[in-house]
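Colleague: have a look at this fold, sequence not included:
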């Protein structure tokens, strides 16, 4: 059996993202926040989540700066959970996951379609784009060290490690 390296040491942002968002309720709370819910009771009744789990997940999202907990202006005894810039920056990832689920769910029939407000047309599928806007496939991607940014990656070098060079 080989030695398993801790993912945090591999210079990848995925472990951090999963630390913050890596379970179902966090995603559903975030979806509800994108849909305008701000009060604990709203989240609780809309999601059907146990109060202790909701409290824990909201606290974690606040701790990680995804949501901000602020006093309600109309009733200072209540608090509101509002999306921060960091929380809003998760929207493309949330939409990509939603689109993936819609594409691969069996017998999926959307009750609502996300559209561009300007012209009412559905948003395009979330994709991977090059710096010049070209859509890229998985086969056109490679990892590059920061000191080599801007240098093309040869196809034959894409699967070589630094020890092979």
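Modeller: The structure has been received and is ready for your questions. If you're wondering where the values come from, they're calculated on a predicted model, not measured in any experiment.
Colleague: give me the pLDDT value at residue 137.
Modeller: Looking at residue 137, its pLDDT is 91.
Colleague: and the helix or strand where residue 28 lies, what does it pack onto?
Modeller: Element membership for residue 28, per DSSP states H and E: helix 24-34. For helix 24-34, the elements it packs on are helix 14-21, helix 40-47, helix 51-63, strand 79-83, helix 91-104, judged by 3 or more C-beta pairs under 8 Å, 6 or more residues apart in numbering; DSSP states H and E. All C-beta atoms are positioned from the backbone trio N, CA, C, and that covers glycine.
Colleague: name the residues that touch the last one?
Modeller: To tie it back to what came earlier, the one meant is helix 91-104. 17, 27, 30, 31, 34, 108, 110, 114, 123, 125, 126 (C-beta atoms under 8 Å, 6 or more residues apart in numbering).
Colleague: how many neighbours does the second one have?
Modeller: Okay, so that is residue 27. 17 (other C-beta atoms under 10 Å).
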